[in-house]
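Asks: please work out how this folds:
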Amino acid sequence: MKKQNSFGKGTVVYANIGQSNVFGNNVKIDAEHKDISKVTTEIGNNCSFGNNVTVRDFTKIGNNVKIAKNVIIRDFVIIGDNVTIEEGVSISTAVKIKDNVTIKANSRIFAVAEIEEQATIGQNCIVGEGSLVKNNAHLPDNFTLRKAQLFQ
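Replies: Predicted coordinates for the structure are as follows:
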């Protein structure tokens with residue numbers, strides 16, 4: 001039996017979506033297309049989106065992803081399975097976030113950065129453009145990883 005998705009007030013979703021997803025109020029998923037035949041974003045199963053989340057074009061979100069309120073995810077982002085993104089996070093263009101990652105509140109992930117499996121990004125962190133956070137790494141709160149750096 002197919003499980004239904006739930007949509008809050010003011011939510012606009014132009015994406016291929018799986019089952020059992022919950023969308024809060026004023027969520028915008030690939031909302032600029034307004035033509036379902038041109039959908040470029042995919043969302044897996046059992047995901048939740050808090051209020052005022054924006055997800056841009058050409059983004060792929062895996063299964064069991066939890067995205068808190070006031071999160072912005074730009075174009076060409078890939079998010080794996082079992083990822084948690086806390087309130088106020090901003091993820092820039094072409095970022096790759098692998099499975100079982102946690103990004104804590106108010107952090108910023110800049111373009112072309114990659115976060116590998118089971119990594120944790122602390123609160124108020126900055127992951128610079130083109131940087132790599134390795135498997136099981138834990139950035140402490142308020143940490144800045146500058147452009148094109150490696151954190152293990």
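
Asks: okay, CA-based contacts and neighbour counts for the rest of this
Replies: Fine.

Asks: for Lys66, give the beta-bridge partners.
Replies: Taking DSSP bridges, one finds Ser48, Thr84 as the beta-bridge partners of Lys66.

Asks: tally of neighbours for it?
Replies: 20 (other C-alpha atoms under 10 Å).

Asks: likewise Asn16?
Replies: Close neighbours of Asn16, defined as other C-alpha under 10 Å, add up to 13.

Asks: phi and psi next, for it.
Replies: Taking degrees, to the nearest 10, you get phi -80, psi 120 for the backbone angles of Asn16.

Asks: tell me the contacts of it?
Replies: When contacts are counted by C-alpha atoms under 8 Å, 6 or more residues apart in numbering, Asn16 is found next to Val39, Thr40, Thr41, Glu42, Ile43.

Asks: just among those, which is most surrounded?
Replies: Thr41 leads the contacts of Asn16 on contacts (other C-alpha under 10 Å) with 23 neighbours.
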